[in-house]
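**Q** missing the sequence, but the structure's below:
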């Protein structure tokens, strides 16, 4: 049934991704690919995986952006992009067959692959590019929030989180119930600046992205003098030195 | 968006067929007598076979084209189940439902040479379903908020006008071939065609409107920018490293650029091809070999122009997911 569930439980399982911490190592994307190549949505077909033009289905893609803030400060922001398990997902509503659905009990958006006709319309309806077509299987595939891990009683309790969360080496990804205001993930969101992605489209994403914290170690660049910026080195002579010279300075100092 | 041949053929070809069926019913309702020399009313069986034959053939070609490009065509019947939420499902249901009354109407016309009573009723119901089917086809695209160029009422309006215009031209051309007198519909076709081309010009102007810096789609505020796509407050966002080294499904499906580069030329070609059909539509009431040949040629160039228009409809539409990638135009 691709109409959205009328009776929704309070549970809203999702991810909280900390853009302040993410180092863009792609470990989440690789762990996701590895788990899901053998999991619920398997196989995640690859074409020419070792050839000149590798191509394949991934549920998680890590983009890196150069973000210039108002004060002309430029930061690198690593941005893992995956299904946001929206509260009102258009990808579900456009599905003509009932293959796409949102679970009433926990809000996870899934594809029943044996019902999918491979019309690709859901991938057009998703503004975030969360769905990828498996040309070999002829069906659409997407993040399952590792539904075969999070409820899997054969795994240790600590491992019952999505593969991307369990493997993140810097703990930039967190999994939990965003419908419960007292959950660990909800508290993280409450404590930090966060924004929904493309909120103007009205799909109410469940996953939350925590914004990069304001930078403290700021370097002045020519032409940005209007920003009264504290400099890196409190020692005024070393403030604008080349990092290598600063290191030499520190080694030789005192 | 990737302009797949299957959806271009689907929308153009089925549009012509539904337009023809609409005008067949409309003209019969308006008292059109294709063979006035025979008394009483005779629908002219040959014209009926040709017109209904062409209409049903183009519809079936369109529907088959859209079905065969599915990943699993053998499961296509499942697409009739979700009409409550999905425009694609509604289109499928109506496309099949339309065959019943239009088939009855065709049977009355061709087999019994009658468009009276229940045959006419079937024709009117069929004409309504034809319009509803084309409307649903357009709404498949117009309902997609991530594709701002489609998310407008202009899209269903244009699909309906082009379906009626092209179908009407083909029917009028066949009418001339079979020596039928002018119909009520012939008076409306120039109005429909002029409106269609004028609104298409407005549409092209509208989608060109906000494309100023290549990273925003439109100047209208509710269209997302890259800042909204990643949520980070900023004045400038530049993709630094992409997640993959080669093109993936998303970039091929949503990041098509070939036709966009030639958009101006292709628009001019489509407009050029529409000069003849729009011109000839004003002379459909006249008789003579010249008008017949011009009407046939006009219907043909209208169709070729529509194939280009539909190609551009897909190729020029940008999808929000490409905000996450470097602008393909500058790649």
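**A** Yes, it's here. In this text the structure is predicted, and so the values were computed from the model without any measurement.

**Q** near residue B:67, how many other residues are there?
**A** When neighbours are counted by other Cβ atoms under 10 Å in any protein chain shown, residue B:67 registers 18. No exception for glycine: its C-beta is placed from N, CA and C like everyone else's.

**Q** so which bits of the helix or strand hosting it are buried?
**A** Assigned by DSSP states H and E, residue B:67 belongs to helix B:45-68. Neighbour-count burial for helix B:45-68, with 16 or more other Cβ atoms under 10 Å in any protein chain shown as criterion, is recorded at B:47-48, B:50-52, B:54-56, B:58-59, B:61-67.

**Q** interface residues of the stretch 151-300 of chain B facing chain A?
**A** Residues of the stretch 151-300 of chain B found near chain A, taking Cβ under 8 Å from any Cβ of the partner chain as the criterion, are B:221-224, B:228-250, B:253-254.

**Q** coming back round to it: quick one: mean pLDDT for the helix holding residue B:67?
**A** When pLDDT is averaged along helix B:45-68, the result is 94.

**Q** can you pull the contacts of the residue of the stretch 1-150 of chain A found nearest chain B?
**A** Nearest residue of the stretch 1-150 of chain A to chain B, counting by Cβ to the nearest Cβ: residue A:118, 1.9 Å away. Residue A:118 sits next to A:133, A:138, A:139, A:140, B:70, B:71, B:72 when contact means Cβ atoms under 8 Å, 6 or more residues apart in numbering or on different chains.

**Q** pLDDT at it, what is it?
**A** Residue A:118 is given a pLDDT of 95.

**Q** anything in the helix or strand following the helix holding residue B:67 near chain A?
**A** Stepping forward along the backbone from helix B:45-68, the first helix or strand reached (DSSP H and E) is helix B:87-110. Yes: residues of helix B:87-110 contacting chain A under Cβ under 8 Å from any Cβ: B:87, B:88, B:89, B:92.

**Q** so which of the contacts of residue A:118 is the most crowded?
**A** residue A:140 (28 neighbours).

**Q** that residue: what secondary structure?
**A** strand (DSSP: H, G, I helix; E, B strand; the rest coil).

**Q** any chance you could map the strands in chain B?
**A** Secondary structure of chain B (DSSP state E): strands at B:236-241.

**Q** need the helices for it, in chain order.
**A** Ranges of helices within chain B are B:5-29, B:45-68, B:87-110, B:117-142, B:154-177, B:184-208, B:226-230, B:249-254, B:258-261, B:263-281, B:289-315, based on DSSP state H.

**Q** give me the mean pLDDT for the longest one.
**A** Regarding helix B:289-315, the rounded mean pLDDT is 95.

**Q** report the contact partners of whichever residue of the stretch 151-254 of chain A sits closest to chain B.
**A** For the stretch 151-254 of chain A and chain B, the shortest gap (Cβ to the nearest Cβ) falls at residue A:195, measuring 3.5 Å. By Cβ under 8 Å, 6+ apart, the contact set of residue A:195 is A:209, A:211, B:231, B:232, B:233.

**Q** which strands and helices sit next to the helix holding residue B:67?
**A** Packing partners of helix B:45-68 (3 or more Cβ pairs under 8 Å, 6 or more residues apart in numbering or on different chains; DSSP states H and E): helix B:5-29, helix B:87-110, helix B:154-177.

**Q** can you pull the pLDDT of residue 216?
**A** Reading this off chain A. So residue A:216 comes in at 61 (pLDDT).

**Q** try again with chain B
**A** 37.

**Q** count of neighbours near residue 37?
**A** Chain wasn't specified; assuming chain A. 15.

**Q** nope, chain B
**A** 8.

**Q** what's the neighbour count on residue A:6?
**A** 7.

**Q** give me the residue from chain B nearest chain A.
**A** Ranked by Cβ to the nearest Cβ, the top residue of chain B for proximity to chain A is residue B:71, at 1.9 Å.

**Q** just give the nearest non-adjacent residue to that residue, would you?
**A** Nearest non-adjacent residue to residue B:71, counting by Cβ to Cβ, 6 or more residues apart in numbering or on different chains: residue A:118, 1.9 Å away.

**Q** where does that neighbour land in three-state SS?
**A** On the three-state scheme (three-state DSSP), residue A:118 is labelled coil.

**Q** what sits against residue B:65?
**A** So residue B:65 contacts B:5, B:6, B:7, B:9, B:10, B:13 (Cβ under 8 Å, 6+ apart).

**Q** enumerate every residue touching the nearest residue to the third one once chain neighbours are set aside.
**A** By the measure of Cβ to Cβ, 6+ apart, the closest residue to residue B:7 outside its immediate chain neighbours is residue B:66, 6.4 Å from it. Under the criterion of Cβ under 8 Å, 6+ apart, the contact partners of residue B:66 comprise B:6, B:7, B:10.

**Q** equivalent analysis for residue A:150, please.
**A** A:13, A:160, A:161, A:162, A:175 are the contacts of residue A:150 under Cβ under 8 Å, 6+ apart.

**Q** ok, now with 6 Å
**A** In this structure, residue A:150 makes contact with residue A:160, judged by Cβ atoms under 6 Å, 6 or more residues apart in numbering or on different chains.

**Q** lowest-confidence helix or strand of chain B?
**A** For chain B, using mean pLDDT, DSSP states H and E, the weakest element among its helices and strands is helix B:258-261, scoring a mean of 69.

**Q** gap between residue A:246 and residue A:158?
**A** Taking Cβ to Cβ, to the nearest Å as the criterion, residue A:246 is separated from residue A:158 by 42 Å.

**Q** give me the low-pLDDT residue ranges for the stretch 51-200 of chain A?
**A** Applying pLDDT under 70 to the stretch 51-200 of chain A flags the ranges A:70-72.

**Q** again, only using 90
**A** A:52-53, A:67-75, A:193, A:195, A:199-200 (pLDDT under 90).

**Q** up against chain B, what does it have?
**A** Within the stretch 51-200 of chain A, the positions near chain B by Cβ under 6 Å from any Cβ of the partner chain are A:53-54, A:61-70, A:77, A:79, A:93-98, A:115, A:117-119, A:121, A:124-125, A:127, A:129, A:132-133, A:138-139, A:195, A:197-198, A:200.

**Q** from those residues, which would you call buried?
**A** By neighbour count, with 16+ other Cβ under 10 Å, those hold A:61-65, A:67, A:69, A:77, A:79, A:93-98, A:115, A:117-119, A:121, A:124-125, A:127, A:129, A:132-133, A:138-139, A:195, A:197-198 as buried.

**Q** just to be sure, residue A:66 is in a helix?
**A** No: secondary structure of residue A:66 (three-state DSSP): strand, not part of a helix.

**Q** tell me what it is bridged to.
**A** residue A:76, residue B:238 (DSSP bridges).

**Q** just residue A:110 next, same as before
**A** With DSSP bridges as the criterion, residue A:110 is bridged to residue A:101.

**Q** distance check, it against residue A:90.
**A** For residue A:110, the distance to residue A:90 - Cβ to Cβ - is 15 Å.
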